[in-house]
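Asks: Need a 3D model of the following:
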Amino acid sequence: SNINLSNETTSLKNALKKPHVRGRWGEVQLKNCIELAGMSEYADVTFQDYVSSDEKQLIPDMTVKMPGNRVVVVDAKTPLDAFLTALESSDDASRSIELARHGKHLKEHVKKLSAKDYASAIKNSADFTVLFLPNESFLYAALETQKDIIEYALEKKILIATPPTLIGLLKVIRYG
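Replies: Take a look at the predicted model:
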């Protein structure tokens, strides 16, 4: 039984190392948050909406509809490579190196998402973009080495949200 559990855990871990699997998992977590907030696809949110403006062609993971035809853009990121390697590390030195790499990856995601500038590309969108992390551990691990990541993100008009934060935000939007 333990061997089977270990093999299945290893299979899951290896599957999550593939970018398309991580992306799909992030989307599933987004949909779970929508349901928990009492919202529904098509009526309250849309997924993978194609937006084209000037030279930019953007496909946000999700847009949340608000009153007055306004929208909030959500982009899901699942930075797992360095995070998983840190978890597998057998010594503190390599764990620290991998956690630092994880924090840098998340900061780089913030920078790239900010460069997309959804606020100017999507009519009536909020002046910020939500960067959704499907697990709180990803944010906490990044904060260990990048203590300013939340402030850095806010300066770039990016709101980092984990499931509880996103559910709260969606409930407020729904209430509005």
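Asks: Is residue 46 within a helix or a strand, and which one?
Replies: Assigned by DSSP states H and E, residue 46 belongs to strand 45-47.
Asks: Equivalent analysis for residue 82, please.
Replies: Judged by DSSP H and E, residue 82 forms part of helix 81-88.
Asks: Just the buried positions in stretch 78-96, please.
Replies: 78-86, 95 (16 or more other Cβ atoms under 10 Å). Every C-beta, even on glycine, is put in place using the N, C-alpha and C of the backbone.
Asks: avg pLDDT for it?
Replies: Averaging pLDDT along stretch 78-96 yields 84.
Asks: what comes into contact with that stretch?
Replies: 13, 16-17, 22-23, 25-26, 98-99, 101-102, 105-106, 109, 133-134, 137-138, 141-142, 145 (Cβ atoms under 8 Å, 6 or more residues apart in numbering).
Asks: Stretch 109-124 too?
Replies: Contacts for stretch 109-124 (Cβ under 8 Å, 6+ apart): 51, 53-54, 56, 58, 60, 63, 68-71, 73, 75, 77, 79, 125-129, 131, 149, 152-153, 156-158, 160.
Asks: Provide the backbone phi and psi angles at residue 93.
Replies: phi -60, psi -50 (degrees, to the nearest 10).
Asks: Below-threshold pLDDT in this protein: ranges please.
Replies: 2, 4-22, 53-54 (pLDDT under 70).
Asks: Break down the protein into its helices, ranges please.
Replies: 2-16, 19-36, 81-88, 92-116, 118-121, 136-145, 149-155, 163-175 (DSSP state H).
Asks: possible to save those as a markdown table with distance to residue 43?
Replies: Listed next are the helices of the chain as a markdown table, based on distance: least, Cβ to Cβ, whole Å:
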| stretch | distance to residue 43 |
| --- | --- |
| helix 2-16 | 31 |
| helix 19-36 | 10 |
| helix 81-88 | 34 |
| helix 92-116 | 26 |
| helix 118-121 | 21 |
| helix 136-145 | 28 |
| helix 149-155 | 29 |
| helix 163-175 | 10 |
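Asks: Could you say which one of those helices comes nearest to residue 47?
Replies: Among these, helix 19-36 comes nearest to residue 47, with 7.2 Å by Cβ to Cβ.
Asks: for the closest one, packing partners?
Replies: helix 2-16, strand 45-47, strand 70-76, strand 125-132, helix 163-175 (3 or more Cβ pairs under 8 Å, 6 or more residues apart in numbering; DSSP states H and E).
Asks: buried residues in that helix?
Replies: Quick answer for helix 19-36 (16+ other Cβ under 10 Å): 22, 25-27, 29-31, 33-34.
Asks: Mind picking the two most distant members of the residues you listed?
Replies: Once Cβ to Cβ is applied, the buried residues of helix 19-36 give 22 and 34 as the farthest pair, at 19.1 Å.
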